[in-house]
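Student: fold the following and give me the result.
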Amino acid sequence: MANLMLLQLNYVQMNGSYEDFPEELRWLCMHGFSLKSIPLDLPMENLVALDMSYSNIESFDMSKDKRLLGSLKILDLSFSIHLHSVGGFLEIPALERLILRKCINLIEVCESIERCVELVHVDLSYCYKLKKVPIFIAKLKKVKTLLLDGCGSRESQIKTIPSDLKLFSFSLPSSLRILSLANNNLSNESFPKDLSCLSMLQELRLDNNPIVSMPDCVRSLPRLEILCMNYCGMVISIEHPPPMLRELSIDKFYRKTSLRKIKFDPEMFPLRLRGAWGVLPPSSFEIDGMVKIQDMACVEEKVLHSLAWSDLEFIRERRMRTRTGGPSVECQTQMYYEFGIFSTFYLGNEMPNWIEYRTEGPSMSFTIPSSTNKLRGLNFCCVGTSHLCADEYVKMPWIEISNNTENYTWIYDHCIGEVK
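Tutor: Here you go, the predicted structure:
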C-alpha cells in the first residue's frame, strides 16, 4: 500500500521495524501507542496530521532526530499521561493546531513554539503540572483559540494559571477569538479591570469558577458574542453584559444556584439565553425586561389595582410547590411578570367573584367593543381539577388567544412548568 494516505491503528500492539510504513501518509492516528518515544524509522515527512492521544510517549521532540516535518499542521497528544515535555517546534514550522489536553504530567512546552507562526489553536486544558503558560504564546499573531481549562484548579501543584490574572492577561495574544478559563478556581478579584487588550475576542468560557457575578472586565470586550458561565453556582447576578453579546449560557447547574437577577442595558441586542429556566429558582428571580417573579406580598398595590386584583389576603398566606425542570421549591403565592403579562396561580376550588364572563370547557369566545380607548388589558382566569395523587405535580396549561377579526394568535406558555 505504497500510496496509502490515511491510516488508523488505535490500540494496536506492533513489533518489528516501521521502515515499510507508507511514505505518502498524510494522516496517522495511533491512539494508545505503546512505546515511550516515536520510532526513528517511522516515515513522517509527508504527514499533515498526527494523532497519538492516550499514548505512552514520554517526550515529543523532533529536533533530537533532525526530522523536518514541514507539512505537519495538526499534532494531538491528548491524554498522554506520561508525557513530560514537548519541543522541537523548529522542525514543524507549518503547525496550526497543538492539542495537549489532559497531559497531566506535562511540565514543559519548549519556547521554540514561537517559531510556529501559523499556529491558530492551542489546547493546554488540564495540564496541571505545566510550570506556566508559555509567555511566548503572546508572540504568536495568528492564535485564535486558547483553551486553558483546569490549569489552575490544583492548589498542590504550581499553577499554570495564576490566581491573579491581572498580569497574565497581557501575555495573551491579541488575535484571540476564543478563550476558555473554565474550572480554574478564579474569583471575581482574580480578573483585571480591563481586557480591552483582547479586542478581537468573540467567545469567553468561565464555567465552574467561584465567581459571584459577571467579572467587570467582560464589559470591556467590544466583540464578545458568546459568554459561558455554566456550573457557576455562586453567581448572584449577571448585569450589563457587552451589548454585542448574542448568547449567554448559564446551563447545566448540578447544585443549588444563587442566581437571582440578570440585567441588560437598554441598547442590548436580542440574545439567546441558554439554561435560564432550568437553573433559576422558581421562588424569586428577575431577568430584566423578560421575566420577574416575586412574592405576592411584595407586589406594589398600584400594580395589583391596575389588574383589578383585590382582597388577596386569602392568597398571600397559602403555600405550594413549583418546579421548572430542576428541584421543586416550596413558596408563597407568587406574581409572575413575563413580557408584559402578569399571572399567578394558587390552590382553590372557585373563581374570584369579580370575574364576570364565565363558561365551562377548553375554549370560550367573546366580543371586544370596537371602541377600545380605555382598554388596559385582559384578565383571564382558569379553574381546573386534578385527579393526581398528592405526590404528583400538575402541568401548567398553556393559553391560546385568537383574534378572528385581525387573524392573529397569541400563545402563552408559563415559565413555571409544574405545581402541586
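Student: okay, CA-based contacts and neighbour counts for the rest of this
Tutor: OK.
Student: just for the stretch 51-200 of the chain, where's the confidence low?
Tutor: Scanning the stretch 51-200 of the chain for pLDDT under 70 picks out 65-66, 132-134, 153-164, 166-167, 170.
Student: and the strands in the stretch 301-420 of the chain?
Tutor: 319-323, 329-332, 334-338, 341-343, 394-395, 399-403, 408-412, 418-419 (DSSP state E, counting those that start in this stretch).
Student: of those, which approaches residue 233 most closely?
Tutor: strand 329-332 (17.0 Å; C-alpha to C-alpha).
Student: note down every partner strand of the closest one and its orientation.
Tutor: Counting by DSSP bridges, the strands paired with strand 329-332 are strand 319-323 (antiparallel).
Student: deepest of the strands of the stretch 301-420 of the chain, which one?
Tutor: Ranked by mean neighbour count, the strands of the stretch 301-420 of the chain are led by strand 334-338 with a mean of 22 (mean count of other C-alpha atoms under 10 Å).
Student: hang on, the earlier thing: dump the strands of the stretch 301-420 of the chain to a markdown table, plus mean pLDDT and distance to residue 368.
Tutor: Shown next, in a markdown table, are the strands of the stretch 301-420 of the chain (pLDDT from 0 to 100; distance: least, C-alpha to C-alpha, whole Å):
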| stretch | mean pLDDT | distance to residue 368 |
| --- | --- | --- |
| strand 319-323 | 69 | 34 |
| strand 329-332 | 72 | 34 |
| strand 334-338 | 80 | 23 |
| strand 341-343 | 82 | 19 |
| strand 394-395 | 76 | 30 |
| strand 399-403 | 86 | 10 |
| strand 408-412 | 85 | 15 |
| strand 418-419 | 74 | 32 |
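Student: now do the residue nearest to residue 275 when sequence neighbours are not counted against residue 230, distance only.
Tutor: Computed as C-alpha to C-alpha, 6 or more residues apart in numbering, the closest residue to residue 275 that is not its neighbour in sequence is residue 251, at 4.0 Å. Per C-alpha to C-alpha, to the nearest Å, residue 251 is found 5 Å from residue 230.
Student: with residue 26 instead?
Tutor: Relative to residue 230, and taking C-alpha to C-alpha, residue 26 is found at 38 Å.
Student: in the stretch 251-400 of the chain, what residue spans correspond to helices?
Tutor: Remark: helices assigned in the stretch 251-400 of the chain by DSSP state H, counting those that start in this stretch are 276-279, 301-306, 313-316.
Student: could you check how far residue 225 is from residue 201?
Tutor: Counting by C-alpha to C-alpha - residue 225 and residue 201 are separated by 8 Å.
Student: more neighbours: which of these two?
Tutor: Legend: neighbour count by other C-alpha atoms under 10 Å for residue 225 and residue 201, higher for residue 201 (23 against 18).
Student: so what's the closest residue to the more buried one other than its chain neighbours up against?
Tutor: In this structure, residue 201 finds its nearest non-sequential neighbour in residue 177, 4.1 Å apart by C-alpha to C-alpha, 6+ apart. Going by C-alpha atoms under 8 Å, 6 or more residues apart in numbering, residue 177 touches 144-145, 200-203.
Student: in CSV, list those along with distance to residue 376.
Tutor: Compiled in CSV, the contacts of residue 177 are given as follows (distance: C-alpha to C-alpha, whole Å):
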residue, distance to residue 376
144, 52
145, 52
200, 47
201, 46
202, 43
203, 43
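Student: picking that back up, quick one: which of residue 26 and residue 230 has more around it?
Tutor: Shown here are residue 26 and residue 230; by other C-alpha under 10 Å, residue 230 has more neighbours (22 against 19).
Student: state whether the more buried one is indeed within a helix.
Tutor: No: using DSSP: H, G, I helix; E, B strand; the rest coil, the assignment for residue 230 is coil, not a helix.
Student: just the local confidence number for it, please.
Tutor: For residue 230, the model assigns a pLDDT of 91.
Student: I'd say it and residue 204 touch.
Tutor: No: applying C-alpha atoms under 8 Å, one finds residue 230 not in contact with residue 204, separated by 11.5 Å.
Student: for residue 63, helix, strand, or coil?
Tutor: Relying on three-state DSSP, one would call residue 63 helix.
Student: that one contacts residue 91, correct?
Tutor: Yes: between residue 63 and residue 91 there is a contact at 6.3 Å, judged by C-alpha under 8 Å.
Student: of those two, give the one with the bigger neighbour count.
Tutor: The residue with more neighbours, out of residue 63 and residue 91, is residue 91; 22 against 14, by other C-alpha under 10 Å.
Student: I'd like to know how far the closest residue to that one other than its chain neighbours sits from residue 21.
Tutor: Nearest residue to residue 91 in three dimensions, chain neighbours excluded: residue 68, at 4.7 Å (C-alpha to C-alpha, 6+ apart). Per C-alpha to C-alpha, residue 68 is found 17 Å from residue 21.
Student: circling back to that earlier point, quick one: which of the strands of the stretch 301-420 of the chain is nearest residue 265?
Tutor: Across these, residue 265 has its closest neighbour in strand 334-338 (17.9 Å, C-alpha to C-alpha).
Student: please save the CA atoms from the closest one in CSV.
Tutor: The C-alpha coordinates for strand 334-338 follow below in CSV (Å, rounded to 0.1, in the frame of the first residue of the first chain):
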residue,chain,number,x,y,z
GLN,A,334,-46.1,34.4,43.5
MET,A,335,-46.7,37.1,41.0
TYR,A,336,-45.1,36.4,37.6
TYR,A,337,-44.3,39.0,35.0
GLU,A,338,-43.4,37.8,31.5
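Student: can you pull the contacts of residue 306?
Tutor: Residue 306 sits next to no residue when contact means C-alpha under 8 Å, 6+ apart.
Student: confidence score at it?
Tutor: On pLDDT, residue 306 comes in at 71.
Student: residue 47 is in contact with residue 27, isn't it?
Tutor: Yes: the pair residue 47 / residue 27 is scored as a contact, 5.9 Å apart, by C-alpha under 8 Å.
Student: let's verify residue 219: helix, strand, or coil?
Tutor: Applying three-state DSSP: residue 219 is helix.
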